[in-house]
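1. 3D model of this:
(2 chains)
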2 protein chains.
Amino acid sequence: MNSDVSIYGGVEAGGTKFSCIIGSDPDHILSECSFRTTTPEETLSQVIEFFANAKEPVSAIGIGSFGPVELNQTSKFFGHITNTPKPGWRNTDFAGTIGRALKIPIVFDTDTNAAGLGEIEWGNAQALDYLLYVTIGTGIGGGFIIKRKPLHGLLHPEMGHMRIPHDWTQDPFSGICPFHGDCLEGLASGPAICKRWGALGEDIPPGHPAWILEAQYIAAGLVNLVCALSPQRIILGGGVMKHAELFSGIREKMKELSNRYFAHRQLQDDISEYVVPPKLGERVGVLGALALAKIAFED
Amino acid sequence: MNSDVSIYGGVEAGGTKFSCIIGSDPDHILSECSFRTTTPEETLSQVIEFFANAKEPVSAIGIGSFGPVELNQTSKFFGHITNTPKPGWRNTDFAGTIGRALKIPIVFDTDTNAAGLGEIEWGNAQALDYLLYVTIGTGIGGGFIIKRKPLHGLLHPEMGHMRIPHDWTQDPFSGICPFHGDCLEGLASGPAICKRWGALGEDIPPGHPAWILEAQYIAAGLVNLVCALSPQRIILGGGVMKHAELFSGIREKMKELSNRYFAHRQLQDDISEYVVPPKLGERVGVLGALALAKIAFED
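-> Modelled structure (predicted):
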């Protein structure tokens, strides 16, 4: 490895698993590890230990975290996980704990914003100015990247909690969001599929009506996000999107819902280039966290 | 007027009326005029004539136009009104026609982006980094301003065409959008109110169920936009919003729909400061067009 190249750290903080990485890019990774998410005390200690024991020092660590998180740098809660329903993690000073222990700069953002930056740096969105990254898994979250910077705002986007038309005739299921019932996440997240059909997504075969309904709901959410954000590309990650047939179903439904209103070929004939999976695959989260640090320090 | 102060022009281009203005800020307006929107030839000639005959030369003209418009500066259609259903106006080279005739720089954007910039420069959003401006009238449109710059993207936002839950029990009306039927604009624009109730909005009395339903639909749209964009404030303009009771109805429904998920007082106790009318009132469009030119040349 070129000794002029800076080495960064990345932490992908998920509700069930944490992954840590050290390197400069996907082809130059020095060290990696993963562990289960338990208590904040135990899990953050494991993160600190990984970086403290690293052979090469890192210039900065990027953290892409599950949320909601506080991203306002003027808030005394900056870098905290805030009102998560995840037991024990509410009001955890994530960035502060890691930064103080390791005495290096921390770049803190949402998991989806980090993933979006990963795809911009090394994946399917290189050179794009407006990228929407949406993850559909245990929850549904989205990040919008504008000219290599994630959109924050009052808080940060909470795209999974949009309301979409609920097809009560086809789908009498009332949704699982504890706050909103049948918001997008309540209808279309992994746990919603599981509860509605009484089976894990991975056990539901291709061609099952579950996937038609899922494509319909996700497409409605994405068309709404196109109306609000007008992204140049949409990258869809997360466990639910491993059902590859979903991509074609979502694209067809998006064309149908747009109904040629958006006079852009991306929403019609070229939709297969507009709605795509992450090039970084399953590593998009942890490499995105690495990109978060790299972009903050090198741009 | 201080001779060091630059004089700009503004054009508010609406589907029924055009307004032109010359000045440096709302307290220093030198000249104004309005005329009906007829054909592009006639209407754009009137714009050119107004500025050509002005006593003081303007440094630049801002145009806030009805849409859809092409905002991509690398496109050969930059500055055009594109696929509007408005007779005669499809593919009109708006910015080019004005700029070539007057030989001065033109700053071209959507009507709602211009209005948002007006409120940032002189209105209810001064010093805010993330403003959502939504107009509810003949159509529904939105502009999102990030650090004094409108969000463009692939095209520009088309917020009125979001899908929201349609309350078929209370409201069997199928919506009026020629592309989408019951999208937000199809359910909640001025013409939708008129067609559903068989009366003009101005003739529907306060307390009528029309306003409860209207508040519900607009609130659903706005909560979705909060999920996507996380604005620091929402300004609501347009003819329908002249029914002042709508503001309280929308705010209550937004609190109900958020259901304390967004841990920000703006979405709860402080919502009356979060969702507000334009300070510039009925002049927000034309003053916004002036702000468009001023901000582009002075920032």
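2. so where's chain A uncertain?
-> Along chain A, the model assigns pLDDT under 70 to residues A:1-4, A:263.
3. repeat that for 90
-> Where chain A drops to pLDDT under 90, the residues are A:1-5, A:56, A:67, A:73-74, A:83-87, A:155-156, A:167, A:244-245, A:259-269.
4. Walk me through the domains of chain A.
-> As assigned by automatic domain parsing, chain A contains the domains A:8-113+A:282-298, A:127-277.
5. What is the three-state secondary structure of residue A:141?
-> strand (DSSP: H, G, I helix; E, B strand; the rest coil).
6. Surely it touches residue A:67?
-> Yes - the pair residue A:141 / residue A:67 is scored as a contact, 7.3 Å apart, by CB atoms under 8 Å. Just so you know, the C-beta spots here come from the backbone N, C-alpha and C atoms, and that holds for glycine as well.
7. I'd like the distance between residue A:46 and residue A:292.
-> Distance of residue A:46 to residue A:292, computed by CB to CB, to the nearest Å: 20 Å.
8. and the two? which has more neighbours close in?
-> Between residue A:46 and residue A:292, residue A:292 has the larger neighbour count (other CB atoms under 10 Å in any protein chain shown), namely 31 against 16.
9. Need phi/psi at the residue found closest to the more buried one once you drop the neighbours it is linked to in the chain.
-> Spatial nearest neighbour of residue A:292, excluding adjacent residues (CB to CB, 6 or more residues apart in numbering or on different chains): residue A:62 at 3.1 Å. When read as degrees, to the nearest 10, the backbone of residue A:62 gives phi -100, psi 130.
10. tell me the helices in the stretch 151-299 of chain A, going along the chain?
-> A:184-188, A:190-197, A:209-229, A:245-258, A:271-274, A:284-298 (DSSP state H, counting those that start in this stretch).
11. how about the ones you listed in TSV, adding distance to residue A:76?
-> TSV is the format used below for the helices of the stretch 151-299 of chain A (distance: least, CB to CB, whole Å):
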stretch	distance to residue A:76
helix A:184-188	29
helix A:190-197	33
helix A:209-229	30
helix A:245-258	41
helix A:271-274	41
helix A:284-298	21
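12. For residue B:266, which of these is the nearest?
-> Closest to residue B:266 of the helices of the stretch 151-299 of chain A is helix A:209-229 (CB to CB; 18.2 Å).
13. Mind checking if stretch A:270-283 is in reach of chain B?
-> No - using CB under 8 Å from any CB of the partner chain, stretch A:270-283 never reaches chain B; the gap is at least 8.7 Å.
14. Which neighbours do residue A:141 and residue A:67 have in common?
-> Shared contacts of residue A:141 and residue A:67, defined by CB atoms under 8 Å, 6 or more residues apart in numbering or on different chains, are found at A:110-111.
15. Who are the contact partners of the nearest residue to residue A:217 once chain neighbours are set aside?
-> Excluding the flanking residues, the one nearest residue A:217 by CB to CB, 6+ apart is residue A:188, at 4.1 Å. When contacts are counted by CB under 8 Å, 6+ apart, residue A:188 is found next to A:136, A:140, A:214, A:217-218, A:221, A:240.
16. what do you get for residue A:81?
-> Listed by CB under 8 Å, 6+ apart, the contact set of residue A:81 reads A:65-69, A:89-92, A:94.
17. can you list the residues of the stretch 151-299 of chain A near chain B?
-> Residues of the stretch 151-299 of chain A found near chain B (CB under 8 Å from any CB) are A:151-166, A:179-180, A:220, A:223-232, A:257, A:259-264, A:266.
18. what about 6 Å?
-> Residues of the stretch 151-299 of chain A that fall close to chain B, judged by CB under 6 Å from any CB of the partner chain: A:153-159, A:161-165, A:179, A:220, A:224-225, A:227-232, A:259, A:261, A:263-264.
19. among the contacts of residue A:81, who's most crowded?
-> The residue in these with the most neighbours, by other CB under 10 Å, is residue A:65 (28 neighbours).
20. Check the contact between that residue and residue A:12; I expect there is one.
-> No - taking CB atoms under 6 Å as the definition, residue A:65 is not a contact partner of residue A:12, at 8.5 Å.
21. Residue of the stretch 51-200 of chain A closest to chain B, please.
-> Of all residues in the stretch 51-200 of chain A, residue A:153 sits closest to chain B, at 3.1 Å by CB to the nearest CB.
22. what's the neighbour count on that residue?
-> By other CB under 10 Å, neighbour count at residue A:153 equals 22.
23. Leaving out sequence neighbours, find the closest residue to it.
-> Nearest residue to residue A:153 in three dimensions, chain neighbours excluded: residue B:230, at 3.1 Å (CB to CB, 6+ apart).
24. I'd guessed the one you found sits against residue A:154; true?
-> Yes - here residue B:230 reaches residue A:154: they are 4.9 Å apart, a contact under CB under 6 Å.
25. Helices - which of the contacts of residue A:81 land there?
-> Within those, residues falling in helices by DSSP state H are residue A:94.
26. just the contacts of residue A:81 now: which is nearest residue B:174?
-> Nearest to residue B:174, judged by CB to CB, of the contacts of residue A:81 is residue A:68 at 37.1 Å.
27. how many other residues sit next to the residue lying closest to the closest one once chain neighbours are set aside?
-> Of all residues not flanking residue A:68 in the chain, residue A:82 sits nearest, at 4.9 Å (CB to CB, 6+ apart). For residue A:82, the neighbour count with other CB under 10 Å is 16.
28. Which among the helices of the stretch 151-299 of chain A is found nearest to residue B:197?
-> helix A:209-229 (25.8 Å).
29. tilt between that closest one and helix A:245-258?
-> 50 degrees (axes from the mean of the first three to the mean of the last three CA atoms, to 10 degrees).
30. now for helix A:209-229, which elements pack on it?
-> Using 3 or more CB pairs under 6 Å, 6 or more residues apart in numbering or on different chains; DSSP states H and E, the elements in contact with helix A:209-229 are helix A:184-188, helix A:245-258, helix B:209-229.
31. what's the most buried one of the ones you listed?
-> Of the helices and strands packed on helix A:209-229, the one with the most neighbours on average (mean count of other CB atoms under 10 Å in any protein chain shown) is helix A:184-188, at a mean of 28.
32. what does the stretch 1-150 of chain A put close to chain B?
-> A:82-83, A:130.
33. change it to 7 Å
-> Contact residues, the stretch 1-150 of chain A versus chain B (CB under 7 Å from any CB of the partner chain): A:68, A:82-83, A:130, A:146.
34. Who are the contact partners of the most centrally placed residue in chain A?
-> In chain A, the residue lying closest to the centroid (CA atoms, centre = their mean) is residue A:112, at 2.6 Å. Contact analysis of residue A:112 by CB atoms under 7 Å, 6 or more residues apart in numbering or on different chains lists A:133, A:135, A:141-143.
35. and if we set it to 8 Å?
-> A:64, A:133-135, A:141-143.
36. These: which two are farthest apart?
-> By the measure CB to CB, A:64 and A:134 form the most distant pair in the contacts of residue A:112, at 14.5 Å.
37. quick check, residue A:144 in a strand?
-> Yes - Residue A:144: assigned to a strand according to three-state DSSP.
38. Quick check: it touching residue A:233?
-> No - if you go by CB under 8 Å, residue A:144 and residue A:233 don't touch, sitting 11.4 Å apart.
39. phi, psi of the residue of the stretch 51-200 of chain A closest to chain B?
-> The phi/psi pair for residue A:153 (degrees, to the nearest 10) is phi 110, psi -150.
40. That one is in contact with residue B:130, isn't it?
-> Yes - at 4.3 Å, residue A:153 counts as touching residue B:130 under the criterion of CB under 8 Å.
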